[in-house]
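1. Only the shape, not the letters, is given here:
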């Protein structure tokens, strides 16, 4: 009997937790992030900036996924494509200086933070996960920067805004998303003359997509050993400039 009631209690607790996932306050989320991430970034392609990330020391590195109280934490990982595009603009600050910049699918906000460090006039970090926006604010604070504008709108299905530069890292991981991005980026370039920089480590959905025929290769970076281990042995990550034939 005790075992039966124990299981029922655990199940009810889990259901309650799942049902209240969208009701967390910013204060709760901040505290949760502080307790379940570690300040890192020194082993990335941009050791100049610090970020709150998942590491093997963090509880949820090995914790059961059903206990995670939010949607998938893409914001807790500094993805290799994002690292490459951030490194590129760090090395070429004139790409951002005085410009309106969009970090699309911003995740932890690294590219938005680097754009601000490089003198961008206006920076918007866009990610449909609202937790990512708060993480970007926290990571900006870590780097002694005023946070960018954080948006959770689905910009890919919206009318393009007048950005001078659009940064994407690791966004071409799904064929359907890649096709939607292709069409939307074309509209951004045609409407506002935006420059588009894409960071990707060579994922199949990116390499095999039609957009690849319209890319100009700008740079390739060898990933640090720890990044390779966390990304199934990927060795390099590249940056591409998108130049469609409109």
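-> Great, that's in hand. Everything numeric here is computed off the predicted structure, so don't read it as measured data.

2. Nearest residue to the middle of the protein?
-> The centre of the chain sits closest to residue 107, judged by C-alpha atoms, centre = their mean, with a distance of 2.5 Å.

3. In contact with residue 245, which residues are there?
-> Contact analysis of residue 245 by C-beta atoms under 8 Å, 6 or more residues apart in numbering lists residue 214. In short, each C-beta sits where N, CA and C put it, glycine included.

4. How about the one helix or strand residue 125 maps to, which residues are buried there?
-> For residue 125, the host element (DSSP states H and E) is strand 122-126. Going by neighbour count (16 or more other C-beta atoms under 10 Å), the buried part of strand 122-126 is 123, 124, 125, 126.

5. residues near the closest residue in space to the first one that isn't next to it in sequence, how many?
-> Distances taken as C-beta to C-beta, 6 or more residues apart in numbering put residue 148 closest to residue 123, at 3.8 Å, once the chain neighbours are dropped. Residue crowding around residue 148 was assessed by other C-beta atoms under 10 Å; the count is 26.

6. just the one 3 residues further on next, same as before
-> Counted by other C-beta under 10 Å, the residues lying close to residue 151 total 18.

7. List the beta-bridge partners for the closest residue in space to it that isn't next to it in sequence.
-> Closest residue to residue 151 apart from its sequence neighbours, by C-beta to C-beta, 6+ apart: residue 126 at 4.6 Å. Note on residue 126: beta-bridge partners by DSSP bridges are residue 104, residue 151.

8. Check whether residue 126 really touches residue 104, as I assumed.
-> Yes - taking contacts as C-beta atoms under 8 Å, residue 126 lies within contact range of residue 104: 5.4 Å.
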